[in-house]
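Quick one, what's the 3D model for this:
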Amino acid sequence: MPDTPTVRAFLDPALITLSNQVTAFANRELAADSEPADDAAARREARALLGRLGAGGWYAPIAEQHLRACCLVREALAGASPLADAVFALQALGTLPIVLAGTENLKHRWLPGVLAGTTMAAFAMTEPEAGSDVGAIATTARRDGSDFVLNGSKTLISNAGIADFYVVFASSDPGAGSKGLSAFVVPADNPGCRFVRPLTLSAPHPLGDIVFDHARIPADCLLGAEGDGFKIGLGTLDRLRPTVGAAACGMAERALAEALRHAGTRRQFGAPLAANQLIQEKLARMATDLAAARLLVYRAAWEKDHGAERITLEAAMAKAFATEAAQRIVDDAVQILGGRGVLATHPVDRLYRSVRALRIYEGTTEIQQLVIAGQLLKTAGVQR
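Purely as a prediction, here's the structure:
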């Protein structure tokens, strides 16, 4: 469960109550779920989890733009079910652009279903030749009367093939680079929008390719104004990066708990593993890294919730440190558990396969380091 004493300074009583409630839900409803056997099963389970989370009211912080609440929800979900966390994360990624820049008609059309867990969102930015380099997006959006016509392909899109709508980033002014990007809400059943194929990860996670082949969409599906896509996309990621760190903390906490349980009960050479000083060193380092990660995550979320216009530096630090720390913590847990830690049925093995992607999506660790350095140099008045 989220370690609220560590970050109590960043929480109010209502948030501590939320943390207790969502943790109880995750432990009761999700922790015992078995892992889907294959990609088809993962897709069915993701849709089922969508409804279960909606019935619990856990999507409300997304619409409220309450970042600390989103972090608490993701931390609790990730420790119990990485797939449930992914479902929540994609609801946030695909919905926040509508909250930030959507017309009242778009909000009325999509938000009630999202919050109820009957409508699944997706965020379609990545392309075969455009990952970290958003300015390289080649999908085009051409004006045609009162419509836009979209052409291009997207890859590595979470919820591809099962989402009800995609927030799509496309170039409406190809000569302007990132300044020519626009964002659109595209229903999944829109003619010309086609799911191409699934992409299978080592951990259950619906992923795939989609293509737009002369997909005609009304101009009122545009988010903000033409050319606002880059701003909307970065604004969304800026807000949600701390929640990725929170998910990492949730996975790391579960791994630490499993390692502590094993070290206290497993006997080797006539004594518990916990009596071994090398094991104690690992446990101490794991706990310290986790506490530091949580402080960075909730510091960033607190700043945004208290009116900071941008949390670029804080969010980058939180995501970079928390995801890298979680990778180390989960790896140490595997080492402590030994052979049990690599059994496909063990929670730590599931965490091991799930945590790796957090260091990549929504901006790789390397990109976060460039962002951090850029912010520091800017503050120091150093030209790059």
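
and residue 113, what does it touch?
Contacts for residue 113 (Cβ atoms under 8 Å, 6 or more residues apart in numbering) come out as 119, 164. Using the backbone N, CA and C atoms, a C-beta is placed for each residue, glycine as well.

Helix or strand: which one has it?
Assigned by DSSP states H and E, residue 113 belongs to helix 104-116.

go on, residue 195?
According to DSSP H and E, residue 195 maps onto strand 193-198.

How about residue 249?
Residue 249 is part of helix 229-265, with elements assigned from DSSP H and E.

Can you pull out the low-pLDDT segments for the stretch 101-250 of the chain?
Within the stretch 101-250 of the chain, no stretch has pLDDT under 70.

sorry, back to before: ok, and for the helix holding residue 113, which residues are buried?
Along helix 104-116, these residues count as buried under the neighbour rule (16 or more other Cβ atoms under 10 Å): 106, 109, 110, 111, 114, 115.

same question, stretch 267-284
Residues of stretch 267-284 classed as buried by neighbour count (16+ other Cβ under 10 Å): 273, 274, 279, 282, 283.

Just the ones in helices from those, please.
Counting by DSSP state H, these place 279, 282, 283 in helices.

Would you check that the last one makes contact with residue 256?
Yep, that's residue 283 we're talking about. Yes. Look at residue 283 against residue 256 with Cβ atoms under 8 Å: they come within range, at 7.5 Å.

need the helices for this protein, in chain order.
Under DSSP H, the chain gives helices at 13-25, 39-55, 60-64, 67-80, 82-101, 104-116, 229-265, 277-305, 312-337, 347-355, 365-380.

Let me have those helices in TSV, extended by distance to residue 33.
Converted to TSV, the helices of the chain look like this (distance: least, Cβ to Cβ, whole Å):
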stretch	distance to residue 33
helix 13-25	13
helix 39-55	8
helix 60-64	23
helix 67-80	8
helix 82-101	8
helix 104-116	21
helix 229-265	14
helix 277-305	24
helix 312-337	19
helix 347-355	11
helix 365-380	30
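
most packed of those?
Highest mean neighbour count among the helices of the chain (mean count of other Cβ atoms under 10 Å): helix 67-80, with a mean of 29.

hey, C-alpha coordinates of that helix in CSV?
Listed next in CSV are the C-alpha coordinates belonging to helix 67-80 (Å, rounded to 0.1, in the frame of the first residue of the first chain):
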residue,chain,number,x,y,z
LEU,A,67,-2.5,15.1,-9.4
ARG,A,68,-1.8,13.8,-5.9
ALA,A,69,-5.0,11.8,-5.9
CYS,A,70,-4.0,10.4,-9.3
CYS,A,71,-0.7,9.4,-7.9
LEU,A,72,-2.2,7.7,-4.9
VAL,A,73,-4.6,5.7,-7.1
ARG,A,74,-1.8,4.6,-9.5
GLU,A,75,0.5,3.7,-6.6
ALA,A,76,-2.1,1.4,-5.1
LEU,A,77,-3.2,-0.1,-8.4
ALA,A,78,0.3,-0.8,-9.6
GLY,A,79,1.3,-2.8,-6.6
ALA,A,80,-1.7,-5.0,-6.9
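
related to what we said a few turns ago, and of the helices of the chain, who's closest to residue 176?
The closest of these to residue 176 is helix 229-265. By Cβ to Cβ, the value is 9.8 Å.

Show me what that closest one packs onto, helices and strands only.
Helix 229-265 sits against helix 67-80, helix 82-101, strand 165-171, strand 181-187, strand 271-272, helix 277-305, helix 312-337, helix 347-355, with contacts defined as 3 or more Cβ pairs under 8 Å, 6 or more residues apart in numbering; DSSP states H and E.

redo that, cut-off 6 Å
Packing partners of helix 229-265 (3 or more Cβ pairs under 6 Å, 6 or more residues apart in numbering; DSSP states H and E): helix 67-80, helix 82-101, strand 181-187, helix 277-305, helix 312-337, helix 347-355.

can you put those in CSV and add distance to residue 139?
Formatted as CSV, the helices and strands packed on helix 229-265 follow (distance: least, Cβ to Cβ, whole Å):
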stretch, distance to residue 139
helix 67-80, 28
helix 82-101, 16
strand 181-187, 9
helix 277-305, 30
helix 312-337, 26
helix 347-355, 29
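
I'd like to know which of the ones you listed is closest to residue 377.
Using Cβ to Cβ, the helices and strands packed on helix 229-265 put helix 312-337 closest to residue 377, at 11.3 Å.

sorry, back to before: which one of the buried residues of stretch 267-284 is nearest residue 365?
When these are compared against residue 365 (criterion: Cβ to Cβ), the nearest one is residue 282, at 22.0 Å.

Looking at the spatially most central residue of the chain now. What's its pLDDT?
What sits nearest the mean C-alpha location of the chain, by Cα atoms, centre = their mean, is residue 89, with 4.2 Å. Note for residue 89: predicted pLDDT of 98.
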